[in-house]
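Undergrad: below: sequence and its predicted model.
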Amino acid sequence: MIHYISVRVTAHATEDESRVRNALDLFLLNSFDKGKCTDTGKYVEVLNVEGYHGNPISLLSATIKRKPDTRAFATFVRSNMSPGDVELLRSEMPDRLDDDQMFHLRFDKQAAYDGKVKLSSSSDAIIVKLKIETYPKDRQQAGIIVEELFG
């Protein structure tokens, strides 16, 4: 159903990187090796870059590949979304699924730091891309899978 999940977040110079990491960990700790993972350090890659004006930026990313972990991620997200966010997601599902069968989500960083799963439309968010697998490639079938996971 889900081939892999890519999770990415940006920690700007004005943000505490550990707080951004904690927000990211909300999703990761509830996905990897249920009950066994207490440190996501081996899963998260950190890339330090320089912004346009020379300001330091850290890009934190992780990829979830194991089937039990991808399912745990989807289950965690769906069960912790507010009814309003579920309705919003339902109405936007066709627009969030691209032709490459990538399903796009954005979550509020501050809400995640506070332990909440909240959709966001901001560019400064936790960005999640779920690669939906169907054989042969079929966008309509991918949409059905997304509906089953999050609808």
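TA: Received it, and whenever you're ready, just let me know what you need.
Undergrad: how about the strands of the chain, start to end?
TA: In the chain, the strands defined using DSSP state E lie at 2-11, 45-50, 56-64, 102-107, 126-132.
Undergrad: just these: most buried one?
TA: Scoring the strands of the chain by mean neighbour count under mean count of other Cβ atoms under 10 Å gives strand 126-132 as the most buried, with a mean of 21. All C-beta atoms are positioned from the backbone trio N, CA, C, and that covers glycine.
Undergrad: so where's the protein uncertain?
TA: 32-41 (pLDDT under 70).
Undergrad: find the nearest non-adjacent residue to the most centrally placed residue in it, please.
TA: Relative to the mean C-alpha position of the chain, the nearest C-alpha, by Cα atoms, centre = their mean, is the one of V128, at 3.0 Å. Nearest residue to V128, sequence neighbours excluded (Cβ to Cβ, 6 or more residues apart in numbering): L105, at 4.2 Å.
Undergrad: what sits against that neighbour?
TA: By Cβ atoms under 8 Å, 6 or more residues apart in numbering, the contact set of L105 is V77, L89, R96, L119, I127, V128, K129, L130.
Undergrad: for H3, state which of those is nearest.
TA: Nearest to H3 among the contacts of L105, counting by Cβ to Cβ, is L130 at 8.4 Å.
Undergrad: in this structure that closest one contacts V7, no?
TA: No. In this structure L130 lies outside contact range of V7 using Cβ atoms under 8 Å: 9.8 Å.
Undergrad: which residues do these two both contact?
TA: Contacts common to L130 and V7, judged by Cβ under 8 Å, 6+ apart, are absent.
Undergrad: switch the strands of the chain over to a markdown table; also include distance to V146.
TA: Shown next, in a markdown table, are the strands of the chain (distance: least, Cβ to Cβ, whole Å):
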| stretch | distance to V146 |
| --- | --- |
| strand 2-11 | 9 |
| strand 45-50 | 26 |
| strand 56-64 | 16 |
| strand 102-107 | 5 |
| strand 126-132 | 6 |
